[in-house]
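Engineer: Sequence and predicted structure are below.
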Amino acid sequence: MAAPETPPLQTRVVDDKSPICIPFILSRIAEYRKQHAGETNPRPFIVGLNGVQGVGKTTLVRALAETLEEREGLPTLVVSIDDFYLTHADQLALAATHADNALVQYRGEPGTHDLPLLQTFLTALSQNQHPLPIPQYDKSAFSGLGDRQPRSSWPSTSPSSPPRVLILEGWCVGFQPLPSQTVEAKWKSPTARTLHNHKLDHLLFINEQLRGYDAVVNRELDAFIHIDAEDTEYVYAWRAEQEAQLRRERGGGMTEEQVVKFVDAYYPAYELFSEGVRRGVFGPGREGCQLRVVVGRNRQVQESMVI
């Protein structure tokens, strides 16, 4: 009998990132406690975490939450920005309103999230309102188009052990709007990979939506972790490896052609906004609040720096 097929080495994600991230988070929490020393019940410490698709965000945030809770005694809540996507009906309405804009025909790009819902959630969390329902999104609903789960099925925070740390993760957390002339310059660049597939007005629409994200998300963050790649185009190979493993294990998964089409739908935002995240999401006076971790093709850490 033949031995079971072993997944290629590159599909295995080893957590070499949390040993770098945990000291950074704890140092920022210590500073946060100094700033709020006189408060009896300060709001939870909020960490934003951005990572390109396939880099190992899920593995990392699980390790971070477990370490903060079990080793440091800090109840930690992990929330994905994906759980704040528009409802199926609202996504269809957005797509119909902008029928010629391929960037908003499906969930994913800035503009396809329910920012009022996210703001309401973050406000309630900041005010320590518990139990607090946590929105949940089902990506498999409507044949993969997705929909928000019924509110009755949402889990809630515990009043007896409320979170002291929130990790808000997502591929577009930390993205910031650009001057329109910068978007145009990137669109015209001969080195652009996917921007040429879209009209300038459509890219500007996505850029404009980010103003709301900046106000609702970025200004609430106490610290930010950016899991970057030496080459953002690695995301194509990483996704292809994930789908190949699904085909081996479950007999189904996207073809290579489908993978390229899938990643192409997200890639314009990487081309537009990744550079800004690398420079830093915080303004003057917030130095030292961002950690950038750069990984190579094998998803292993190559370098890290505090910004």
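Structural biologist: All right, it came through fine.
Engineer: Which residue ranges of the protein form helices?
Structural biologist: Read by DSSP state H, the chain holds these helices, from start to end of the chain: 18-35, 57-70, 88-97, 115-126, 180-188, 200-216, 234-250, 256-279.
Engineer: Just the buried residues of the fifth one, please?
Structural biologist: Looking back up the chat, that one is helix 180-188. Taking 16 or more other C-beta atoms under 10 Å as the basis for neighbour counts, the residues of helix 180-188 that come out buried are 183, 186-187. Heads up, the C-betas are built off the backbone N, CA and C, glycines and all.
Engineer: with those residues in mind, which one is nearest to residue 233?
Structural biologist: The shortest gap between residue 233 and any of those belongs to residue 186, at 15.6 Å (C-beta to C-beta).
Engineer: okay but residue 79 is in contact with residue 134, surely?
Structural biologist: Yes. Here residue 79 reaches residue 134: they are 6.5 Å apart, a contact under C-beta atoms under 8 Å.
Engineer: intersection of neighbour lists for the two?
Structural biologist: With contacts defined as C-beta atoms under 8 Å, 6 or more residues apart in numbering, the residues shared by residue 79 and residue 134 are residue 121.
Engineer: Among the two, which residue is more densely surrounded?
Structural biologist: When residue 79 and residue 134 are compared for neighbours, residue 79 comes out ahead with 21 against 15, by other C-beta atoms under 10 Å.
Engineer: who does the more buried one bridge with?
Structural biologist: Beta-bridge pairing of residue 79 under DSSP bridges involves residue 168.
Engineer: could you list every residue that touches it?
Structural biologist: 121, 134, 166-169.
Engineer: that older thread, is it possible to get a markdown table of the buried residues of helix 180-188 that adds distance to residue 193?
Structural biologist: Putting those into a markdown table (distance: C-beta to C-beta, whole Å) gives the following:
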| residue | distance to residue 193 |
| --- | --- |
| 183 | 15 |
| 186 | 11 |
| 187 | 12 |
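Engineer: can you redo these as TSV with distance to residue 177 and pLDDT?
Structural biologist: Conversion of the buried residues of helix 180-188 to TSV gives the following (distance: C-beta to C-beta, whole Å; pLDDT from 0 to 100):
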residue	distance to residue 177	pLDDT
183	9	98
186	13	98
187	15	98
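Engineer: circling back to that earlier point, looking at the helices of the chain, which one has the lowest mean pLDDT?
Structural biologist: When the helices of the chain are compared on mean pLDDT, helix 234-250 scores lowest, with a mean of 87.
Engineer: Alright, calling it a day.
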